[in-house]
Structure formats: structure tokens, C-alpha cells
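1. sharing a sequence plus its predicted fold:
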Amino acid sequence: MTIRQLRWTTIVAPILFLGVFTYVAHSLFEPLLESWIGFTLILALAAVVVALFSHLVFGIIERLESRVSGQNRELSAVSSIATALSEPVGVEQALQVSLDTAIDVMGASAGVICILDVEREELHSAAHRGLSPAIIERVRRQKVGDDPIGSEVIRTGRSVVIADAFDDPRVAELCRQEGYHSTISVPVKSEGRVVGILALVSRDESAFGVSAIQLLERIGQQVGIAVEKTLLFRELTQRNRDLTALNDVAAAVSSTLDLQGIMSISLDRAMALASCRSGDIWLRGNDRSRLILAAHRGPDGRAPESSSISLSPGEGLCGRVLVQGETTLDLADNGSGEQVLSVALPLKSAGDILGVVCFTFDRGYLLLERTQELLEAISSQIAVAIKNAQLYEQVQDVVILEERDRIAREMHDGFAQVLGYVNTKAQAVRHLLATGRSDEAAEMVAQLEEAAREVYVDVREAILGLRATAQDDRRLVPRIRDYLDVFGRLADLKVNCRVENGADVVDLPVAAEIQLLRIVQEALSNVRKHAGATGATVRLRAKDGCLRVIVKDNGHGFDPGSYDRGDWPQFGLKTMKERSEAVGGTFQLRSAPGKGTTIAVTVPLARGRES
């Protein structure tokens, strides 16, 4: 009955009663009313009826007050939980407040809120109160399948109430040990999905009625929204961590072109991120017919030695991945009677499988889908880095071969011709001595001495040039200055160096710096051998995104149109031109008889960096 209904009842009922009572008394008991005894009896009857009516009314009022008071307590509890969940506190603290409020409102003995981990299919406690240490340890983290009540709540999305826990085989033994007579487990929901469980226990039988179920389900919905927000925040946080980890791996593997360094860094970072026990990288051999263990990290200390550990396609987990080209998981005995999980991922670059990376985890490890996706992303980055390192090694091999070819041609243009000249002169000296023409022989011996000195200077100059080229830990300008200082003393030639427009701070690739240094060396060698100069100037100038290197001497010069016919060191000019073009530059030669010679090389800085 509502308050409005009660108000009208207390007004209408007395009026009707008085009317009926007066009519009956005058119609049926009028003679009795004439005596004081009869009147007293009639009045007593009316008083009894009024007392019963008042008792009924006040009973209804008390029940309404009790219901309103209960509703107020429930609203206060819901409001307190909503306030706690909306405040900027940790989710654990908010859930603890929610649980404490639910226990106090329900008059329960203890309770727990568990959050569902869908990927691991586990329930783990986020808040608890009044539970024994044994139960706390049990609910700290447990599989959904190990909790029959929890699994039913998650499966059906409905509350489970046990009025007499001693008679329920699912919880009878535990409840007898702890002294709990009744339990209730309600789903914690968000957008219709079960994200956790709110469970209360009481030492009284049938402690949780319909109203308790309704209240706890409303509390469960509020808690579910907070839990869902927390899970979303954790998911975003984890994804940010994954992206940061990928960026770290990418930065680490791109910081070097050393293949072994890339593999070592990759394994270390990936194992740290995924909590792996060990990791291997297997690469295809030169003939691509076998997988060779190239890098290893793990507790057993095993390391590859001279390609001695290899697998054929289809052999073992890694061999199968090489054939199938897909990520594969395997659960196998580790030799100690323990089943351990291994995951092997193909190292793909532009559709080509370069090898396989394999990770092994500790016993009982559950590989989450998110972790597998992270490992696949890392393996893609490793593959790209390995491919770049391999291409770099191939380019380096080509560069070395080209440099050897250039040096061979320079030796042919210099040392070989001088040695051929020495050989011819030596034969002529032998012939002159045999015919008794000693004066002519002595003259040729003097020419041989001059040739030997020339070869000696050339050899020292070549050694100086190679040493200067090998000093790749410094920039171009300091290396050129050091070379000019030693070269000037060796050739007895005054050589100046001029640096303009910040040419000493430009950043060129090592290959470009080496080629420019070799061009300067070759140009100065020609100045010493052929120009008849007393001085030379090397000028470096940065302008319009280019680096310009100019070598100018004050020698007698020559006609550039004649060098194709062999009048000047044709091979040296051709080599300098090849070197400048190899780094995307241009080569210019200006000379005239009596006006010295100028050689200019221009290298675009942007293209130099790409080289």
C-alpha cells in the first residue's frame, strides 16, 4: 500500500465505520442503549474496533517506513559506489569501496570482486574483505573452469544464490570449513558483457533475498562500467608499450649495419619484451639449401660456431616454418620432462624468407595473442634490418672489388711502367758491359738510380695515401690537412689548404669521403710527377647543397686535348673521373701550357648522403 492509499483509507474507513456502527446500534440494539450497561458494552466494542484499525494503520506505516529506509540505504549505497567509482583514484581502491559498501548494506560476512581475464580465461581478485588467507590465495588468480559457480555466472550472465551452502556439493566442503551458510554471486557487467563477478557470503541461512539480488546486480552494473574503463585504459597502455617497444627495436636494429650486432640486439630486445627463456636466429646459408644457426640467447650458453649447427628444410620446428612460411607454435619436452612452449616465426623481406627466429618460454607460459602479434611485428623489423645488413655487406664487397681494380690500374699506370723501364735499362746495361762500353753503362746505371728513387717516392706516397684513407674515424677536412702536411714534406712541395663556407662541418658518407680523399691524392701525385710545380692549393667549399673540392698547381700545364693520345697520365684522370661519378659528383679539368692545372670535383651533399 502506498502513502496516498493509506491517507484515503484512514479518512474514509472511520467515516464508513461510524455510519455503519450507528445504524446497526439503533436498528438492532436500541433497547440495549437505554441502559448504561448496554451503552458501555457498545462503546467498548467501538473502542476495540478503533484500536484494531489504528494498529493496522500503524503497522502499514511501519512497513512503509522500513521499505523506504531500506530503499534509502540502497540508494545511498549505490550513490556511494557511484561517487567512489567516479573519483580520480585507482581502480583497486574504488572496487574496494564498492565491495565494503555492498557488504555493509547486505549485512554479509565477507566478499570479493574478481575481474575476468578473457585471454587467459582466468579470474583474479581485485578487492576482498573478511576472507581467510586460504581463500584469498585461492581467488587471487584461478582458471574459470576451476570455479564452478564463477563459470556458471560467466556462462549464463545470471546471479547464482545458494540459500544453504552446506547442502550444495559445489561449495559444501569449503563453506563448512569457513562457516558460511549462504552465498550469492552476481555478474559484473558492461554493455551486456560479463567482465567480472561480485560474490558475498553470510554465516546466516537464506541471507540474500530478491531485493538483495536486485541491489547487488545494480551494484554489479556500476562496477562493470568502471572495470570496463579500466580494462580499456590498460589495453591502450599496453598497446602504447608495444608501440614503444617496436620503436625501440626499430631504432636499435637501424643503429648499425653489422649483421651480428643486429641479430644480438634483436634477440635481447625481443626476449625482454616477451619474457622468453631463450631465442635463436637461423639464416639461410650461401647456397640457401640449409638453415644455419647465426645467433643465440639463453640460459644454456650454447652459441653458434663456424656454421656447425644447421637444419635442412622441414627438419625440426624451424625447418617446418622455413617450408610453410607461417608462424608455428610447438609444445615439446625440453629434455627434463617439462613441456615448454616454443614459437617460430619466418623472417620475411619482400616475400623472401631469409631465415627463422625461434623463441622458447618457461614451463606453464601462456602465449597471448597480443604477445604473438608483437613478436610477429618484431620479426618483420628484424628481417628488414637483416636484409639491409646483407645488402650493405654485398655493396661493401662490390666497393672493395672496385677499389682493388682502381688500385691495380693505378699500379699498372705507375709502378708497372717504371719496373718495365728498369728491366729494359738493366738488360741494356748488361749488354754494354759485355761489349766493354762501360761509360755508357755507367750513364744508364745513373738513370736506374733515378728511377729507383722515383719508385721509392711513389711507394711511400701510395702507403701514405692508403693510411690516410683507412683513418675513417675522422671527417674529410682533418684527414686532407694531415695528408697535405706529410705529402708536402715528402714531395718537397708547398701545399696550402683552404676551407670555405663551413665545408669542414658537412656530413658526407664514409664512401664519399674516401673517394674525395683519393681524388686529392691522385691529383697531387700528378702534380709531383708531371707538373713541375713549386706549390699547389687544395680548396674545399660548401655552396648550394654541394661540396666542391679544387686542386690547383702553378706548374707548366698542358693541353687537355692531348691526354687522350697518351701525352699525360691518361689513366689517372680517368680514375679520378670514375671516383667522382661513383659518389654522384662531376669532374672538371682546366689546364693550358704555362698556366698550371686545375681539377674540380663537385659532390651534391644530398646525393652523397644517399650513397
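-> Ah, there it is.

2. okay, V78: pLDDT?
-> Listed pLDDT for V78 reads 64.

3. need the three-state assignment for C497.
-> Following DSSP: H, G, I helix; E, B strand; the rest coil, the label given to C497 is strand.

4. isn't it right next to D482, touching?
-> No - using C-beta atoms under 8 Å, C497 and D482 do not qualify as a contacting pair, with a distance of 10.0 Å. The C-beta positions use only the backbone N, C-alpha and C, and glycine is treated the same way.

5. just the helices in the stretch 1-150 of the chain please.
-> 3-28, 30-33, 36-86, 91-106, 133-140, 148-156 (DSSP state H, counting those that start in this stretch).

6. strands along the stretch 151-300 of the chain, start to end?
-> 160-162, 182-190, 193-202, 278-284, 291-297 (DSSP state E, counting those that start in this stretch).

7. could those strands be laid out in a markdown table, adding mean neighbour count, distance to I11 and mean pLDDT?
-> Shown next, in a markdown table, are these (neighbours: other C-beta atoms under 10 Å; distance: least, C-beta to C-beta, whole Å; pLDDT from 0 to 100):
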| stretch | mean neighbour count | distance to I11 | mean pLDDT |
| --- | --- | --- | --- |
| strand 160-162 | 20 | 42 | 92 |
| strand 182-190 | 25 | 43 | 91 |
| strand 193-202 | 24 | 43 | 91 |
| strand 278-284 | 23 | 87 | 90 |
| strand 291-297 | 21 | 89 | 88 |
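
8. reformat these into TSV and put distance to N554 next to each item.
-> Shown next, in TSV, are these (distance: least, C-beta to C-beta, whole Å):
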stretch	distance to N554
strand 160-162	103
strand 182-190	88
strand 193-202	87
strand 278-284	57
strand 291-297	57
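
9. could you look up the SS state of the nearest residue to I353 once chain neighbours are set aside?
-> Counting by C-beta to C-beta, 6 or more residues apart in numbering, I353 lies nearest to P346, which is 5.1 Å off, once chain neighbours are set aside. The three-state label for P346, taken from three-state DSSP, comes out as strand.

10. contacts only, for P346.
-> 321-322, 325-327, 353, 355-356, 379 (C-beta atoms under 8 Å, 6 or more residues apart in numbering).

11. from those, which would you call buried?
-> For these, a neighbour count by 16 or more other C-beta atoms under 10 Å gives the buried set as 321-322, 353, 355-356, 379.

12. just give me the closest of those residues to R158.
-> Nearest to R158 out of the buried ones among the contacts of P346 is S379 (C-beta to C-beta; 44.1 Å).

13. pLDDT score assigned to A252?
-> pLDDT, A252: 74.

14. that one: neighbour count?
-> By other C-beta atoms under 10 Å, the residues close to A252 number 18.

15. list the contacts of the closest residue to it other than its chain neighbours.
-> Spatial nearest neighbour of A252, excluding adjacent residues (C-beta to C-beta, 6+ apart): I265 at 4.7 Å. Applying C-beta under 8 Å, 6+ apart, we find I265 in contact with 252-253, 256.

16. now tabulate those residues in CSV and tack on distance to A441.
-> Formatted as CSV, those follow (distance: C-beta to C-beta, whole Å):
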residue, distance to A441
A252, 71
V253, 69
T256, 62
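
17. now, those residues that are in helices?
-> Members of the contacts of I265 lying in helices (criterion: DSSP state H): 252-253.

18. so which of the contacts of I265 is the closest to N526?
-> Distances from N526 to the contacts of I265, taken by C-beta to C-beta, are shortest for T256, at 38.5 Å.

19. so for A592, which of the strands of the stretch 151-300 of the chain sits nearest?
-> strand 278-284 (58.3 Å).

20. where does L367 sit, in terms of helix or strand?
-> Counting by DSSP states H and E, there is no helix or strand that carries L367.

21. can I assume it is in contact with L341?
-> Yes - using C-beta under 8 Å, L367 is in contact with L341, at 6.0 Å.

22. need the overlap of contacts for those two.
-> In contact with both L367 and L341: 329, 361, using C-beta under 8 Å, 6+ apart.

23. give me the more crowded residue out of these two.
-> The neighbour count for L367 versus L341, taken as other C-beta under 10 Å, is higher for L341 (19 against 16).

24. and the more buried one, which of the three is it?
-> strand.

25. list the buried residues in the host helix or strand of R590.
-> In this assignment (DSSP H and E), R590 forms part of strand 586-591. For strand 586-591, the neighbour count (16+ other C-beta under 10 Å) marks 587, 591 as buried.

26. which other helices and strands contact that strand?
-> helix 570-582, strand 597-604 (3 or more C-beta pairs under 8 Å, 6 or more residues apart in numbering; DSSP states H and E).

27. show residues contacting it.
-> Counting by C-beta under 8 Å, 6+ apart, 557-560, 573, 576-577, 580-581, 597-602 sit against strand 586-591.

28. restricted to buried residues, select the residues you listed in ChimeraX.
-> Buried subset of the contacts of strand 586-591, written as a ChimeraX selection, criterion 16+ other C-beta under 10 Å:
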select :557,558,573,576,577,580,597,598,599,600,601,602
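
29. closest to E450 out of the contacts of strand 586-591?
-> Using C-beta to C-beta, these come closest to E450 at F558, 22.3 Å.

30. so how far is E137 from the closest one?
-> 95 Å (C-beta to C-beta, to the nearest Å).

31. what's near enough to touch the closest residue to K494 other than its chain neighbours?
-> Of all residues not flanking K494 in the chain, G535 sits nearest, at 4.1 Å (C-beta to C-beta, 6+ apart). By C-beta under 8 Å, 6+ apart, the contact list for G535 reads 493-496, 553-554.

32. ranking those residues by neighbours, who comes first?
-> Busiest of these [other C-beta under 10 Å] is D553, holding 26 neighbours.

33. quick one, grab the pLDDT at that residue.
-> In this prediction, D553 has a pLDDT value of 92.

34. for it, list each beta-bridge partner.
-> Counting by DSSP bridges, D553 forms beta bridges with A536.

35. wait, it sits on K595?
-> No - using C-beta under 8 Å, D553 and K595 do not qualify as a contacting pair, with a distance of 10.3 Å.

36. sorry, back to before: just the ones of the contacts of P346 in strands?
-> Among those, the ones falling in strands (DSSP state E) are 353, 355-356.

37. what's the closest of those residues to Q427?
-> Looking across the ones in strands among the contacts of P346 and measuring by C-beta to C-beta, the closest to Q427 is G355, at 60.1 Å.

38. hang on, that closest one packs against I281?
-> Yes - between G355 and I281 there is a contact under C-beta under 8 Å: 6.4 Å.

39. any shared contact partners between these two?
-> 294, 347.

40. where in the stretch 451-600 of the chain is pLDDT low?
-> The stretch 451-600 of the chain contains residues with pLDDT under 70 at 456-458, 460-474, 562-571.
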